[in-house]
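Novice: Everything below, folded, please.
(2 chains)
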Amino acid sequence: MAEKTLLQIDHLKAGYATKAGFVRAVDDVSFSLRRGEFLGIAGESGCGKSTLAYAVMRLLRDNAAIESGRIVFDGTDIAGLDERAMNEYRWTKMAMVFQSAMNALNPVLSIEEQLVDAVLAHRNVSKSEARGIATEMLELVDINADRLSSFPHQLSGGMRQRIMIAMALLLRPDLLIMDEPTTALDVVVQRSILQKIQELRMRLGFSVIFITHDLSLLVEISDSLAIMYAGKICEYGPSRELYAAPEHPYTKGLMSSFPTLTGPITRMGGIEGQAPGLINPPQGCRFAPRCSSAVPLCSDREPALVPTSAGRLCACRLCGGMI
Amino acid sequence: MIKDFLRTLVQNRKSLTGLILLGTLIVVALIAPLIAPYPPKSDRTERTILVEEATGDPEIVSEEYPDKDIEKSVYSVTTKKTWEKTVTYFPLRSKPSKGHILGTNHAGNDLFSQLIMGTRISVFVGLATGLFVTLVSLTLALLAGYIGGVLDDIINFFTNVFLVIPGLPLMIVIGTYIPMHGVLPIILILAFTSWPYPTRVLRSQVLTLKNRDFIRASTMMGERTFFVIFREILPNMISIVMSEFFTVSLSAILAEATLEFIGVGNITVVSWGTILYWAQANGAILMGAWWWFLPPGILIALTGTAFVLVNFGIDEISNPRLRKR
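Specialist: Here you go, the predicted structure:
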């Protein structure tokens, strides 16, 4: 796969204007994504994962907005594009699988109508051609073409999610953003969906940003992992290395909060306390109040995201982020 | 789509019953003059028969011989016809009988004929008002709910104002002031006083749909505003739109009857309402003349039942879950 950068995010800040103040849900986040790469973003609820995804798609609505930063997609900064220009990118070059497939399909329209509508909204093709594209895509996600006339309620959760994936891939985008796509599904279906995505990625060569709070899902499937905490990336690196030797105390905490299937049964560690509010985030390192390795210095100075070893980044005093 | 629509309506037993009822009413309304035994406003029948026809002797008026081989003459014959005309005045306030199956009213008009012809006016006023109000309130609701902003504030303000004004007194006031020719003024008055409620209901439905995930998803996919409104939102609202249509139609039939009953409407028109008006004015209830005031009441109730039954079928269309497969 080509080592070309598809998406480059620089110092992105985005958030929500509320009565209590501006909630900066994504605070100074930078990362890059190569063509064909599978990036997993993990973190607990409310750490800004979804906001990041919506910001990249430029789908922040109502009181949400991108404050500053650059989102360079395929050589163009899309952070400042207007809606009309953005529509050229959305769905044709970057698509999204939404959190709840249960609700993302219109209950009164058949699967076929919805897939065809999605094609027709972007491509100037005839109805029968659009139907052809839809059928082909549906078969790619292992759904029989005779399901086209079904209504969403006649399908299982896993099938609906696969249809959402088919809908996202209809126009062969370069980037697929998946916002907790398997959250509402059982583990067996989760696994089959992940395998399907992997298989399709090999075949079609798109990049994936996979967002989840379930780190265990990501470890074996993703190329790289970014761990987010309170709106910031606290650790980034190739997923196997990151899994084998986490450096940031928060990542260590996350890793110890799910059991191994094969190893000895031990009491799980977990992380004490709760994630901080983002209106007035704590001074210094945001994880310091919950960190077992925190020293007084941690609450004064904010650690920078610095490279530790090849391709790995970490924002912690222990990794040299204070120097 | 339309085929599915009709099939669903017919497959559901309740809506089939409703459709048959409604269909019957509409057919009766359309062919009313053929069914009604007498003109609704006449109080008599006139029958004229030829009694005798006598032809007199021919009289020669003139004769001429234009040529030696031709004889030309002009005759005149007088025929005398004798006709017999029988005018039968209907009995006033008669009980149901063979000639008048629902009796007659105070003026001797046949009540059955009035009932049949009244169906025409009542059903027409009901459906026309229903259609008109539904279109207006649906447009307002979609604009207010989906586009929102200042437009929503304006539409909402007027909806609120009109919701506060009690409908019936307003109808009576307007009805008293504008001249009544035909039924169009009635339709306009009914439409004017009944748009706010469906607008409010439909607007709130648009608002909840607008924030559903699948609508958000389709806007994110880049579908155009009009497409989202008509393709994604509207089909999800069919049942509520239709139920509003039937509710408005039914209340229009009731309100029309009410206006006619209290004498604000056009009492020269024959409708279920005016039958009730004359029944009331002539003490039909006191006399126990049930054949006079009961049938219009029953028909009004039956129309309502028909609307409600059809609604059951429409529910299935907009909610595919209810369909039997």
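
Novice: Flag every buried residue along the strand or helix carrying A:R84.
Specialist: Using DSSP states H and E, the element containing A:R84 is helix A:83-89. In terms of neighbour count (16 or more other Cβ atoms under 10 Å in any protein chain shown), helix A:83-89 has its buried residues at A:86-87, A:89. Using the backbone N, CA and C atoms, a C-beta is placed for each residue, glycine as well.

Novice: Please apply the same query to stretch B:148-163.
Specialist: For stretch B:148-163, the neighbour count (16+ other Cβ under 10 Å) marks B:152, B:155-156, B:159, B:162 as buried.

Novice: got any ranges where the chain has weak pLDDT?
Specialist: Going with chain A. Regions of chain A meeting the criterion pLDDT under 70 cover residues A:1-3, A:101-102, A:259-261, A:263, A:265-270, A:321-323.

Novice: try chain B instead
Specialist: Residues of chain B meeting the criterion pLDDT under 70: B:1-2, B:318, B:320, B:322-325.

Novice: how many other residues sit next to the closest residue to A:Y229 other than its chain neighbours?
Specialist: Counting by Cβ to Cβ, 6 or more residues apart in numbering or on different chains, the nearest residue to A:Y229 once its immediate chain neighbours are dropped is A:Y250, at 5.1 Å. Look at A:Y250: counted by other Cβ atoms under 10 Å in any protein chain shown, it has 25 neighbours.

Novice: now for the host helix or strand of A:Y250, which elements pack on it?
Specialist: Applying DSSP H and E as the criterion places A:Y250 in helix A:249-255. Applying 3 or more Cβ pairs under 8 Å, 6 or more residues apart in numbering or on different chains; DSSP states H and E, we find helix A:249-255 packed against strand A:224-229, strand A:232-238.

Novice: Other residues contacting it?
Specialist: The contact list for helix A:249-255 (Cβ atoms under 8 Å, 6 or more residues apart in numbering or on different chains) reads A:42, A:215, A:227, A:229, A:234-235, A:242-243, A:246, A:269-271, A:287, A:291-293, A:316, A:318.

Novice: Leaving out the residues flanking it, which one is nearest to the residue in chain B positioned nearest to chain A?
Specialist: Across chain B, no residue is closer to chain A than B:D213, which sits at 3.8 Å (Cβ to the nearest Cβ). Distances taken as Cβ to Cβ, 6+ apart place A:N103 nearest to B:D213, at 3.8 Å, with adjacent residues excluded.

Novice: The one you found contacts B:I215, doesn't it?
Specialist: No: A:N103 lies out of contact with B:I215 (Cβ atoms under 8 Å); the separation is 9.9 Å.

Novice: In terms of neighbours, single out the busier of the two.
Specialist: Applying other Cβ under 10 Å to A:N103 and B:I215 shows that B:I215 carries more neighbours, namely 23 against 18.

Novice: quick one, phi/psi of that one?
Specialist: When read as degrees, to the nearest 10, the backbone of B:I215 gives phi -70, psi -40.

Novice: ok, back up a step: go through the buried residues of stretch B:148-163 and flag which are in helices.
Specialist: Among those, the ones falling in helices (DSSP state H) are B:152, B:155-156, B:159, B:162.

Novice: May I ask which helix or strand encompasses A:L176?
Specialist: Going by DSSP H and E, A:L176 is part of strand A:175-179.

Novice: Show residues contacting that strand.
Specialist: By Cβ under 8 Å, 6+ apart, the residues outside strand A:175-179 that reach it are A:6-7, A:33, A:49-50, A:53-54, A:56-57, A:73, A:93-99, A:168-169, A:197, A:206-211.

Novice: Off-centre distance for that strand?
Specialist: Strand A:175-179 sits 6 Å away from the centroid of its parent chain (Cα atoms, centre = their mean, to the nearest Å).

Novice: try stretch A:113-120
Specialist: 25 Å.

Novice: Please apply the same query to stretch B:120-128.
Specialist: That offset, for stretch B:120-128, works out to 2 Å (Cα atoms, centre = their mean).

Novice: cool, stretch A:62-75 as well?
Specialist: Counting by Cα atoms, centre = their mean, stretch A:62-75 is centred 15 Å from the centre of its parent chain.

Novice: Would it count as contacting chain B?
Specialist: No: Stretch A:62-75 is not in contact with chain B by Cβ under 8 Å from any Cβ of the partner chain; minimum separation 10.1 Å.

Novice: Only C-alpha atoms, please: export that stretch in CSV.
Specialist: What follows is stretch A:62-75 as a C-alpha-only set of coordinates in CSV (Å, rounded to 0.1, in the frame of the first residue of the first chain):
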residue,chain,number,x,y,z
ASP,A,62,-26.0,23.7,15.9
ASN,A,63,-23.8,24.9,18.7
ALA,A,64,-20.8,22.9,17.7
ALA,A,65,-17.9,24.4,15.7
ILE,A,66,-14.3,24.0,14.7
GLU,A,67,-12.4,26.7,16.5
SER,A,68,-9.0,26.4,14.8
GLY,A,69,-6.7,24.0,13.1
ARG,A,70,-6.2,22.5,9.7
ILE,A,71,-7.8,19.3,8.2
VAL,A,72,-5.9,18.5,5.1
PHE,A,73,-7.6,15.9,3.1
ASP,A,74,-5.8,14.7,0.0
GLY,A,75,-3.9,17.9,-0.3
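
Novice: And the buried ones among the contacts of helix A:249-255, selectable in PyMOL?
Specialist: The following PyMOL line selects those of these that are buried, judged by 16+ other Cβ under 10 Å:
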select buried, chain A and resi 42+215+227+229+234+235+242+243+246+271+287+291+316+318
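
Novice: how many other residues sit next to A:N280?
Specialist: As a burial measure, A:N280 scores 10 neighbours (other Cβ under 10 Å).

Novice: and it, that one's in a strand?
Specialist: No: counting by DSSP: H, G, I helix; E, B strand; the rest coil, A:N280 is not part of a strand but coil.

Novice: How far away from the center of its chain is the longest helix along chain A?
Specialist: Secondary structure of chain A per DSSP H: the longest helix is helix A:187-204. In this view, helix A:187-204 has its centroid 15 Å away from the chain centroid, taken as Cα atoms, centre = their mean.

Novice: which helices and strands does that helix pack with?
Specialist: Packing partners of helix A:187-204 (3+ Cβ pairs under 8 Å, 6+ apart): helix A:157-169, strand A:207-212.

Novice: what comes up buried for the longest helix anywhere in chain B?
Specialist: Using DSSP H to define each element, chain B has its longest helix at helix B:111-142. Using 16+ other Cβ under 10 Å as the test for burial, helix B:111-142 gives B:111-130, B:132-134, B:136-138, B:140-142.

Novice: how deep is A:L194 tucked in, by neighbour count?
Specialist: So A:L194, with other Cβ under 10 Å, has 19 neighbours.

Novice: now the one 3 residues further on
Specialist: Summarising burial for A:I197: neighbours were counted as other Cβ under 10 Å, giving 24.

Novice: same check, this time on the one 3 residues further on
Specialist: The number of residues packed near A:L200 is 19, by other Cβ under 10 Å.

Novice: How about it, nearest residue that isn't a chain neighbour?
Specialist: Closest residue to A:L200 apart from its sequence neighbours, by Cβ to Cβ, 6+ apart: A:L140 at 6.3 Å.
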